[in-house]
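>>> No letters, just coordinates:
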């Protein structure tokens with residue numbers, strides 16, 4: 001990945017913030033679908049304008065142990081308050097994950113009650129420990145690209161040369177991704 005160190009970890013332009021959401025375990029706050037919808041409303045509060053939320057998609061568990069339940073995934077795109085920097089936003093995402101019952105471990109690709117990935121923070125490139133931007137595997141993951149293509153098919157993620165729609169079309173994988181709950185035309189969840 002072609003990155004440059006950004007020590008200030010701030011957005012340098014008005015490009016959107018992109019967050020991918022996922023869950024496949026029930027939490028104390030409800031089913032994965034209910035929890036994703038609650039988190040989407042919490043993320044809406046961080047938006048200063050142009051908030052969009054995708055539909056919910058059921059996706060196969062990628063690189064997970066056999067028998068792992070399918071995930072529900074979604075994406076949100078918004079313009080964040082200019083005072084919010086990437087590190088602060090990432091910390092807020094981790095706090096939300098904890099509130100929904102996620103316990104972080106060193107084990108990758110395990111089932112979880114909530115997973116919030118900061119995919120892009122404007123055009124920012126960062127290789128800071130704990131703050132890799134853009135997300136290094138987002139362009140390879142159908143569960144990220146499918147919901148994002150619903151919202152912004154012409155978006156070019158930082159570090160990429162193809163649009164989200166083109167990246168999605170070019171994927172060669174066996175991952176399944178099926179729409180399970182649609183949004184209204186104004187991107188208000190129904």
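Nice, I can see it. In this text the structure is predicted, and so the values were computed from the model without any measurement.
>>> Sketch out the low-pLDDT regions of the protein for me.
1-15, 107, 183-190 (pLDDT under 70).
>>> Let me see the ranges of the helices in it.
All helices of the chain, identified by DSSP state H, fall at 32-44, 86-99, 142-151, 164-169.
>>> how about the ones you listed, which one is nearest residue 20?
With C-beta to C-beta as the criterion, residue 20 lies closest to helix 142-151 of those, at 4.7 Å. C-beta: built from backbone N, CA, C; applies to glycine.
>>> Can you tell me what sits against that closest one?
Helix 142-151 is contacted from outside by 18, 20, 22, 52-55, 57, 59, 62, 71, 73-77, 117, 119, 135, 138-139, 155, 164-165, 167-168, 171, 173, 175, 177, 183, 187, using C-beta atoms under 8 Å, 6 or more residues apart in numbering.
>>> from memory residue 49 sits against residue 78, does it?
Yes: using C-beta atoms under 8 Å, residue 49 and residue 78 qualify as a contacting pair, with a distance of 7.5 Å.
>>> More neighbours: the two, which one.
Set residue 49 next to residue 78 and count neighbours by other C-beta atoms under 10 Å: residue 78 wins out with 20 against 10.
>>> For the more buried one, which non-adjacent residue is closest in space?
residue 47 (3.8 Å; C-beta to C-beta, 6 or more residues apart in numbering).
>>> show me what contacts that neighbour?
78, 79, 80.
>>> Show me where this structure has its strands.
17-23, 47-53, 56-59, 71-80, 115-121, 126-128, 131-133, 177-181 (DSSP state E).
>>> Mean neighbour count, those strands: which tops it?
A comparison of the strands of the chain by mean neighbour count, using mean count of other C-beta atoms under 10 Å, puts strand 17-23 on top with a mean of 26.
>>> Please compute how far that one lies from its chain's middle.
2 Å (C-alpha atoms, centre = their mean, to the nearest Å).
>>> Could you count how many residues lie near residue 169?
Applying other C-beta under 10 Å, I find that residue 169 has 12 neighbouring residues.
>>> Spit out the contact partners of the closest residue to residue 153 other than its chain neighbours.
Leaving aside its sequence neighbours, residue 153 sits nearest to residue 165 (C-beta to C-beta, 6+ apart; 3.8 Å). Shown in contact with residue 165 (C-beta under 8 Å, 6+ apart): 149, 153, 154.
>>> just the buried members of these?
Buried subset of the contacts of residue 165 (neighbour count, 16 or more other C-beta atoms under 10 Å): residue 149.
>>> Now render the helices of the chain as TSV, adding distance to residue 125.
Shown next, in TSV, are the helices of the chain (distance: least, C-beta to C-beta, whole Å):
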stretch	distance to residue 125
helix 32-44	23
helix 86-99	11
helix 142-151	18
helix 164-169	18
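>>> Could you dump the contacts of residue 165 into TSV and include distance to residue 126?
Converted to TSV, the contacts of residue 165 look like this (distance: C-beta to C-beta, whole Å):
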residue	distance to residue 126
149	24
153	25
154	24
